[in-house]
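Trainee: Below is the sequence, then the predicted model.
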Amino acid sequence: MTPQTTFAHAEFAAKKKTTRRETFLAKMADAVPWAKLLAVIAPHYPKGQRGRPPIGLERMLRVYFLQQWYALADEALEDALYDSQALQRFARIDFQTEGVPDATTLLNFRHRLETHDLCRGLFTAINADLAARGLLLRAGTLVDATLIAAPSSTKNAKKERDPEMHQTKKGNQWYFGMKAHIGADRDSKLVHTVVVSAANVADVTQAAELLHGDETQVHADAGYTGVEKRAEIVALKRPIDWQIAAKRGAIKALAEGAEKATRQAVEKAKASVRAFVEHPFHIVKNLFRHRKVRYRGLAKNGHQLDTLFALANVVVAARRRATA
């Protein structure tokens, strides 16, 4: 149902410049398959038979997505909805008839999604919609992982770090936090699988979990060396062409000549395909600004990452449609 235009909205729409935020939200409002996502949550949402009538489900889902896109805490999101007409219009909030959902309402809605594992349901529903539109292909998979930092300070109530997070060394730098492992479609760059772990878990140990079962080729960096010999991969009993990057030291150790030049050309070609897996990470970390965990524990952060990568898929699909 199209929301009624108020005088405030009409005045807002009449201004001369359209901001990047308005443009982005307009694209997302059109690209998100709202009906399918609402169908996932509706069975678990209050019907309003007792107590105060609940806020409309679509409005709460829109507000929740705004929280993910702009990396806002519950209180900060409540303030932003009062301040920004662009956010109000996307959330379909009209101050003449209703107010902004308060921070507690936002918290309870997020807890409901987590309790019933509905974030994974949203991720699945979005991917099913993309597959039905022919955007999610199944021939090849790109696998990779990224580190997401967690607070390393012990200046908190429990005087300790998050026990589910761990530290790991990358290059000469130590990091404390978790990892987001993804399997992405080679051709469309859409993420089909998300797995979370502590930062000290080796990438190669999660490779089997990142396969959807239909791919014939998998691309990965040197961190997955030897993956084809792992028991869980051998147990799959199906042929997979593993395109794993060679370690830099092995290439560097070769004598100058035709063989080295050929190996370098092959590695460059493999890297040009493998680089596409960085697109979802770029969207989540740079566009959505999710560079640090917001919650304690892997489970709660895993729910959020399901939502973030689902929304990243919506962004990728919208860009493809705009350039088609």
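Mentor: Noted; the coordinates are in hand.

Trainee: going forward, measure contacts between C-alpha atoms and count neighbours the same way
Mentor: Fine.

Trainee: Next, work out how far apart residue 203 and residue 21 are.
Mentor: Distance, residue 203 to residue 21, using CA to CA, to the nearest Å: 35 Å.

Trainee: right, I mislabeled it, should have said residue 84
Mentor: Going from residue 84 to residue 21 by CA to CA gives 10 Å.

Trainee: And the next helix or strand past the longest strand anywhere in the chain?
Mentor: Longest strand in the chain, counting residues (DSSP state E): strand 173-185. Remark: after strand 173-185, the chain's next helix or strand is strand 191-198, criterion DSSP states H and E.

Trainee: Give me the buried positions along the longest strand of the chain.
Mentor: Within strand 173-185, the residues that count as buried by 16 or more other CA atoms under 10 Å are 175-185.

Trainee: swap in stretch 224-239?
Mentor: So stretch 224-239, judged by 16+ other CA under 10 Å, has buried residues 224-225, 227-228, 233.

Trainee: between the residues you listed, which is nearest residue 105?
Mentor: Nearest to residue 105 out of the buried residues of stretch 224-239 is residue 224 (CA to CA; 43.1 Å).

Trainee: Residue 276 looks like it's in a strand, true?
Mentor: No. Residue 276: not assigned to a strand; according to DSSP: H, G, I helix; E, B strand; the rest coil it is helix.

Trainee: what about the helices in the protein?
Mentor: Ranges of helices in the chain, per DSSP state H, are 7-13, 20-31, 34-41, 57-69, 74-83, 85-91, 103-115, 118-132, 231-234, 248-252, 258-274, 278-282, 298-323.

Trainee: Quick check, central residue of this structure?
Mentor: Taking CA atoms, centre = their mean, the centroid of the chain lies closest to residue 309, which sits 1.8 Å from it.

Trainee: Now for that residue: which residues touch it?
Mentor: Residues counted as contacts of residue 309 (CA atoms under 8 Å, 6 or more residues apart in numbering) are 123, 191, 194, 280, 284.

Trainee: looking at it, residue 313 is touching residue 193, isn't it?
Mentor: No. Checked against CA atoms under 8 Å, the pair residue 313 and residue 193 is beyond contact range at 11.4 Å.

Trainee: Against residue 40, how distant is residue 61?
Mentor: Residue 61 is 11 Å from residue 40, by CA to CA.

Trainee: whoops, residue 311 was the one
Mentor: 16 Å.

Trainee: Ok, residue 153 next?
Mentor: 38 Å.

Trainee: Next: residue 304.
Mentor: For residue 304 relative to residue 40 (CA to CA), the value is 16 Å.

Trainee: Show me which of these two is the more surrounded one.
Mentor: Just comparing residue 304 and residue 40: by other CA atoms under 10 Å the higher neighbour count belongs to residue 304, 22 against 16.

Trainee: That one: what's it in contact with?
Mentor: Residue 304 touches residue 119, counting by CA under 8 Å, 6+ apart.

Trainee: ok so, going back, and residue 203 and residue 21? Which one has more around it.
Mentor: residue 203 (23 against 11).

Trainee: so the more buried one makes contact with residue 224?
Mentor: Yes. Counting by CA under 8 Å, residue 203 does reach residue 224; the two are 6.5 Å apart.

Trainee: any idea which residue of the chain is furthest from its center?
Mentor: residue 257 (43.4 Å).

Trainee: now it: how far from residue 90?
Mentor: 60 Å.

Trainee: can you list the buried residues of stretch 224-239 in a markdown table and add distance to residue 73 and pLDDT?
Mentor: What follows is the buried residues of stretch 224-239, written out as a markdown table (distance: CA to CA, whole Å; pLDDT from 0 to 100):
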| residue | distance to residue 73 | pLDDT |
| --- | --- | --- |
| 224 | 36 | 96 |
| 225 | 39 | 94 |
| 227 | 39 | 95 |
| 228 | 42 | 94 |
| 233 | 40 | 95 |
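
Trainee: Just send those back as CSV, with distance to residue 53 too.
Mentor: Formatted as CSV, the buried residues of stretch 224-239 follow (distance: CA to CA, whole Å):
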residue, distance to residue 53
224, 52
225, 56
227, 53
228, 55
233, 51
